[in-house]
Structures are given as C-alpha cells and as structure tokens.
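A.B. asks: Okay, structure incoming, though there's no sequence with it:
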C-alpha cells in the first residue's frame, strides 16, 4: 500500500485459521424426543459449535481455547428455550450436513468451513477459503459475498441504504458533527440483512466487544466480521425475504413494547426552553395557532446546575403546577436525564451521597472512583451493569413522575465524557478499558461492556418507570444503545445538522434502523445544529410526518425552529402535515402494534415489500409508511418536480387519485406545499378527525379510505395508555377489499377482543368509486361499491 498523508505502510499480524474437524458429537444435555440441539465439531486447534434453534435459525460459535462463555445482554430467548425443531444430520468423508425444513448447513471437514444453502441449492452466508480465525486480541470470520448481493441494517448508519463496499465499526460514540462518511455512531447494532433477487439472510454478530464488518471494502467479494472478544459467536437467519428475517431476529433479541399513544403525536424540543415562562408561552402558541402537539421536552437547563433529578428553583420554581397546567392543555412533559452525577461531596446532594455510600459508581481497576467532565462539571457515573444500581437509578425517576413527568429522555450515554471541563477543550474519553463493571459474580471489563452502557441505562429507566408509574405506559428515548434496545426505548439519531444533506440522509438512516429491529426511531426535524431556511424546514416537516418519532429539536445559539417562526406560508405547511400525521394516527398506531407483535418496521424501504425488484435495492429516497402509503420527499432546495419509481402493481396519487400501473417511473409535481404520496391498489388506511392532541376527544367517527384492488388490513385499537391490552383488552377489526366482476367489495369482519368501543359513525370511501356510512357496533358487514 502506498504512503497516504504521512501514514506509513503497516504489516498485518497473521491470523491462525481453524483446522480440520477431528470428531463430531451432539450435545446430549439438550436431547429430547425430537433431536439434540447442538452439534460439536472438535478441531485440532479449536472448538466449533452449531446449534439449530429454528428451521431458519442457527447459532455458530468458535473458540480457539475450547472454552465458551454464555453472557448475552441482547438475546432474550436463550438456546434452551427455543422450541425443539427436527433436523437431519448426514456425514460423509468430506463434510457433515445438517438439514432443517428450510435450509441445509454443510460443514467441510478439512479445513472446517461452513456453507449454507436454501432448499433449491442456492448458497448464502457461506465461508470463504479463509473461514474462521484468531490472533492476539481478536477473532474473525470471512463470508463470501454472492453475486448481486446487497447489505442493509447495521444499526445507526449514515450515507445511503446499501452498505456494500463499506466498513462498519460497532463502538458507541458521541458522533457530534457526523456526516455521510462517519463510521462509529451513537448506537452499536451488529446485525445486517443480505439481499439478492432470489433469497435473503441475516447475521447477528453476538459480541459486545469492539467489532467491525468489512463488507467487501478491503477485498471485493469477501465480508469480514471481526471482534476483539475471545470467541466467535453469531446467528444466521434465513429469509427468504426481509420480513421473515426480522421476525426471527426480533424473536431472538426482543420486540418493542406498545408505547403510549400520545408519544406518536408531535413532540417539540429545544436546547433549551430555559424557564417556566418560556414553556408556558410555547404551549400557548401551539394551541392559539391550532397546530397539534402532544409533548414538550425539557433539556438540561430545567435542572439546578445540571444535577440530575433536580429542578432549578429560579427558572422552574413550581414544576408540579407547570406540568399540571400543561396536562390540562393536553401536553405531556418529557425531561432529559444524563448518566453523569455531579461530584459534590458534603453538599447534601442525595444522588451523589447515596451512590458513593452504596458504591454504585464506576471505579478504575485500581479501585479509584472514576470521574470525567460533563454538563455538571466533574462527574461520576453509575455502573448500570449491576442490577442493584439499575434498580436504584430507576426508582430515582419517582421524583420526576410524582409531579407529572410522563417520559424520560436519556442522553450522553455512550458514555460521552470529556477529560476537562466543557469549554476548556480536551479530548472525549470513556471509562478505562480495564475498569471492572457488573456484579461481583459476573465481572467484566469496560472493553466488554462499553457498547452496553446506553442499553443498560435505558433498561434501568424503562424498568424504573414501569414501577413508579404503576399501570401507565411510559415513553423512553435514548441516544445510545445496542442490539435489543427496542425492548426499552425509542431512539433518535443524535445531533444532526440543519443541512439538506442531513434531511436526505435521514430516510436511509431510519430505514436501516428499522431493518435492525428498532422501529420507534426519528431524526430532529429541522436539524439540531445550525439554522434551517423556511424552505428546508417546510420540506423537513413533510418528511418528519413519516418518522415514527416526530420531534422537532434545535440547539442553543441557533435560530428558533418552531413551526411558526418561518412565516405564514411555512407555518401553514407545517400545520397541514402535522394535521395529516394526527389524521393518520389510527393507521400509524396499528403499525406500532405490528412492530410490537412481529418486529415489523414502521418506516420501510421499498425493498422490504419488493425484495425481488432490483430497482428498489438502491432506492433510499422513497419510503413506505406501513404496507400501503409511499412517500417520495423532496430534499433539495428549489426542487418542484422529482422522479418517482412505482414498483409492480397499481398505484394511486394520494392527492389527485390519478392511477398508475407499475413498474414505471414518473415525474411527480412537487410544489413546496406538496410531498408526493402514493397508495398501493388495495390499500386500506384509517383516518381520524384532526385533534390538537391525542386524547382531546373520544374517537366517535372514523373514515376508512380504500383504494380499488385486492388487499387486507387489520385496524388495532386499545385505550392507548395502560397495560390492559396485555390482558386481552384490545380490539381488532379486519377489512378486506376485492373485485367481484365490475363491483368493489369491502368485507368487514366482526370486531375481536375485549376492548369496548362506543358506537360510532364509520365512513368507508372507495377512492374514485363512492362512499357509504354506517353506525359501527362491531358487527360484520359486506359493502358493495360500483
């Protein structure tokens, strides 16, 4: 390699490669009437295990020492809890084959190497000639990239949708000022989906240590996954389509809980709304201007000197009354909580005193209390790896929830720490890599737990809120996390910028998060850093209407970014698209229910529903909100037309009703007031009346917009705030549409579930054909149109 910018050529340390299989045996400890689950391959220089967990799911483990550690914070369903599935094992002189109902796994004997095939013999997730290996401080596997294969997911990533020929590192980092070339981000989720036109698979790299994927960047045609952990541990999930992969992956790592319905409304935030008077005026502006809003976020300036779990007595003298008044006006309050606890001995700061007294804070390997600098200046940090620390921290939220706080926003939890006070320069640091964390009987170093810090903080918060807000669902938002973060929290994409490129980049970022099992995600509308123009803010609000988490946010020292500050034209555009968001809430809430029960993304790239269509593989700037509604946003200044790809099938323009037959490209009209929107033929979308906040009034009327074609959709409903839905107190109504000759038939099944819905007026509109109304009492109906 030539010398670049003063960097000299380096010599790579050689890898030791797994040797030949010497013997094979199955694990009798898990044997039952069906089969053993794990097959052990004893190699001359290492050990290899393959566990069959489902017809489309296997776990691969390789240890150079023959020792395996069972420590996983992402996997919610351990190997022994999967339902036993039948499989067949065949041995020849050259290989050992394992066949399930969906796949064939072939292990070569010399050298040991794994090849996977679907039932038609097409390969996927197969080892290269260099297969599995190790060297000082690292283990790795090399997989063959098949022809026409494309790669998605990888958690929180900048740039375009497809990650082929890129390097992706998993190490949680405060990615301030990130751009399209940034590698390490706030989240570390070592999972990807590989897709080609006739099959797909996923790999979850089950390591909490620093890890990295090289997706054909260094060596075309070869994917390398490397960890600084002592063993190789990964799961292979066969599709054949993305939907099946995500269903299995989220069965493995968990699914999001159903959030409170109010959290699906519009959130307004700024660093900072610095006083009670400012917050009251903000709320008044929303209501006076008839712009819907459900949530106001309070950033760090609500605290007393940035001490967590405190209030500023000067700027927020009576937070309980403020929150009660906001509640009466239909607003929920979410407060920020950072992990850094101000180092303040002998100052009667109870959080610090109790933490020190019980030894709850992270210490160095030498036993010294670790400190760094964050907002409150010199600070110490809870060891969230310990259950008793998580319980303590979770219960501290009671000081906030007792006065009405409805949700918590976790920030700075990568962890983001400076070596000197903020404003004095210096480097960003984290805990020493040899710092011990976790309970005494399961100690690990920070090298192993760094990526888990945000996840464990979110877990402490979510579990604490469930206790202190008994019977009420809570909203949790986190900046940092790891695989499985969806079990505890929603996620936003951190400190983006008021640039058109960041508006554009938000769509593939959120889609790849959805393809990584994290459905409740969003970006700061308008951009956090910098000043949006009126045109940019209008376009961003249009896109933001699609975000599962719809939150506007901006930074200190930037111009105000509320919907009304850009003039009457932009204000009206913002009002129209926030109104549309609230009209779509019955549809969106159902998408959240699907995500909570099946792991399905809410915001989806087109390839999710059209995985055989190569045109969708690089299509990052069109998205589907659920199965039916497609958007083609504008993300460049001065643009009033844009090319739109319509995949196979019938499509209707949301605004005009014009019909198109895909696959085809069209040139869409997109003046500033209009974001191009399209609905698939057979699409069914529930529309509610506009409200200023989610629970403003009972839903006594509903409109079902249905587009001619063949389709089916289930409307899900519950009380939107309690956990009664987990006890069966929910309602589901299935709608079907199809042609019968020249007629369009809409069949409505009898409502299921125990949630009582008052009789209401329902209008069924078959777009371009006609509409009918009826009093909905939950009975089955058959409607004929045309």
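C.D. replies: Ah, there it is. Remember, it's a predicted structure, so these values are computed and weren't measured experimentally.

A.B. asks: Strands of the stretch 351-500 of the chain, start to end?
C.D. replies: For the stretch 351-500 of the chain, strands defined by DSSP state E, counting those that start in this stretch occupy the ranges 372-374, 377-380, 407-410, 417-418, 428-429, 436-437, 444-445, 475-478, 481-482, 490-492.

A.B. asks: Just say which of these is most tucked in.
C.D. replies: strand 481-482 (a mean of 29; mean count of other Cβ atoms under 10 Å). All C-beta atoms are positioned from the backbone trio N, CA, C, and that covers glycine.

A.B. asks: State the helix or strand in which the spatially most central residue of the chain lies.
C.D. replies: When Cα atoms, centre = their mean is applied to the chain, the residue found nearest the centroid is residue 518 (2.2 Å). Of the helices and strands defined by DSSP states H and E, none includes residue 518.

A.B. asks: mean pLDDT for the strands of the stretch 351-500 of the chain: which is lowest?
C.D. replies: Looking at these, the lowest mean pLDDT belongs to strand 428-429 (a mean of 92).

A.B. asks: Name every strand pairing with that one and say which way it goes.
C.D. replies: strand 417-418 (antiparallel) (DSSP bridges).

A.B. asks: right, and residue 186 touches residue 479 too?
C.D. replies: Yes - with contact defined as Cβ atoms under 8 Å, residue 186 reaches residue 479; the gap is 5.0 Å.

A.B. asks: Find residues that contact each of the two.
C.D. replies: Overlap of the contact sets of residue 186 and residue 479 (by Cβ atoms under 8 Å, 6 or more residues apart in numbering) consists of 414, 454, 494.

A.B. asks: Could you single out the nearest of the residues you listed to residue 106?
C.D. replies: Nearest to residue 106 among the shared contacts of residue 186 and residue 479: residue 454, at 38.8 Å, using Cβ to Cβ.

A.B. asks: Just confirm the closest one contacts residue 413, I think it does.
C.D. replies: Yes - with contact defined as Cβ under 8 Å, residue 454 reaches residue 413; the gap is 4.1 Å.

A.B. asks: more neighbours, those two?
C.D. replies: Ranked by neighbour count (other Cβ atoms under 10 Å), residue 454 and residue 413 place residue 454 first, with 31 against 26.

A.B. asks: all helices of the stretch 501-650 of the chain, in order?
C.D. replies: 534-544, 568-583, 585-598, 606-609 (DSSP state H, counting those that start in this stretch).

A.B. asks: who does the last one touch, helix- and strand-wise?
C.D. replies: The helices and strands touching helix 606-609, judged by 3 or more Cβ pairs under 8 Å, 6 or more residues apart in numbering; DSSP states H and E, are helix 242-253, strand 623-625, strand 641-653.

A.B. asks: how does it look with 6 Å?
C.D. replies: Packed against helix 606-609 by the contact rule (3 or more Cβ pairs under 6 Å, 6 or more residues apart in numbering; DSSP states H and E) you find no helix or strand.

A.B. asks: circling back: now for the helices of the stretch 501-650 of the chain, which one comes closest to residue 49?
C.D. replies: Closest to residue 49 of these is helix 585-598 (Cβ to Cβ; 29.3 Å).

A.B. asks: name the helices or strands packed onto that closest one?
C.D. replies: Helix 585-598 makes packing contacts with strand 684-687, strand 711-717 when contacts are defined by 3+ Cβ pairs under 6 Å, 6+ apart.

A.B. asks: which one of the ones you listed is the most hemmed in?
C.D. replies: Using mean count of other Cβ under 10 Å, strand 684-687 ranks as the most buried of these, with a mean of 23.

A.B. asks: And the residue of the chain positioned farthest from its centre, how close does it get to residue 129?
C.D. replies: Here the chain reaches farthest from its C-alpha mean at residue 93, the gap being 45.3 Å by Cα atoms, centre = their mean. Plainly put, residue 93 is 20 Å away from residue 129 if you go by Cβ to Cβ, to the nearest Å.

A.B. asks: residues of the host helix or strand of residue 281 that come out buried?
C.D. replies: Assigned by DSSP H and E, residue 281 falls within helix 276-288. Of the residues in helix 276-288, 276, 279, 282, 283, 285, 286 count as buried by neighbour count, 16 or more other Cβ atoms under 10 Å.

A.B. asks: Which neighbours do residue 454 and residue 413 have in common?
C.D. replies: residue 480 (Cβ atoms under 6 Å, 6 or more residues apart in numbering).

A.B. asks: what's the neighbour count on the nearest residue to residue 783 once chain neighbours are set aside?
C.D. replies: The shortest distance from residue 783 to any non-neighbouring residue, by Cβ to Cβ, 6 or more residues apart in numbering, is to residue 746 (4.4 Å). A count of nearby residues for residue 746, using other Cβ under 10 Å, gives 20.

A.B. asks: Just the element for residue 746, please.
C.D. replies: Assigned by DSSP H and E, residue 746 belongs to strand 743-748.

A.B. asks: Any idea how far apart the tips of stretch 112-131 sit?
C.D. replies: End-to-end distance of stretch 112-131 (Cα to Cα, to the nearest Å): 8 Å.

A.B. asks: quick one: contacts for the residue nearest to the centre of the chain?
C.D. replies: For residue 518, the contact set (Cβ under 6 Å, 6+ apart) comprises 486, 491.

A.B. asks: how close does it get to residue 250?
C.D. replies: From residue 518 to residue 250 the distance is 10 Å (Cβ to Cβ).

A.B. asks: now residue 443
C.D. replies: If you go by Cβ to Cβ, the gap between residue 443 and residue 250 works out to 30 Å.

A.B. asks: now residue 403
C.D. replies: 35 Å.

A.B. asks: can you check residue 657 too?
C.D. replies: From residue 657 across to residue 250, the span is 36 Å (Cβ to Cβ).

A.B. asks: out of the two, which sits in the busier spot?
C.D. replies: Between residue 657 and residue 250, counting by other Cβ under 10 Å, residue 250 is the more crowded of the two (25 against 11).

A.B. asks: per-residue pLDDT, the more buried one?
C.D. replies: 98.

A.B. asks: Mind pulling up the pLDDT for residue 3?
C.D. replies: For residue 3, the pLDDT comes out at 45.

A.B. asks: what's the following helix or strand after the strand holding residue 746?
C.D. replies: Scanning forward in sequence from strand 743-748 by DSSP H and E, the next helix or strand is strand 760-766.

A.B. asks: which of the residues in that following strand are buried?
C.D. replies: Across strand 760-766, burial judged by 16+ other Cβ under 10 Å covers 762, 764, 765, 766.

A.B. asks: What residues does the first one make contact with?
C.D. replies: Contact partners of residue 762, counting by Cβ under 6 Å, 6+ apart, are 702, 774, 776.

A.B. asks: Where strands are concerned, which of those residues count?
C.D. replies: Of these, the ones assigned to strands by DSSP state E are 702, 774, 776.

A.B. asks: Residue 483 against residue 253, yeah?
C.D. replies: Yes - look at residue 483 against residue 253 with Cβ atoms under 6 Å: they come within range, at 5.4 Å.

A.B. asks: between the buried residues of strand 760-766, which is closest to residue 526?
C.D. replies: Among the buried residues of strand 760-766, residue 765 lies closest to residue 526 (Cβ to Cβ), at 33.8 Å.
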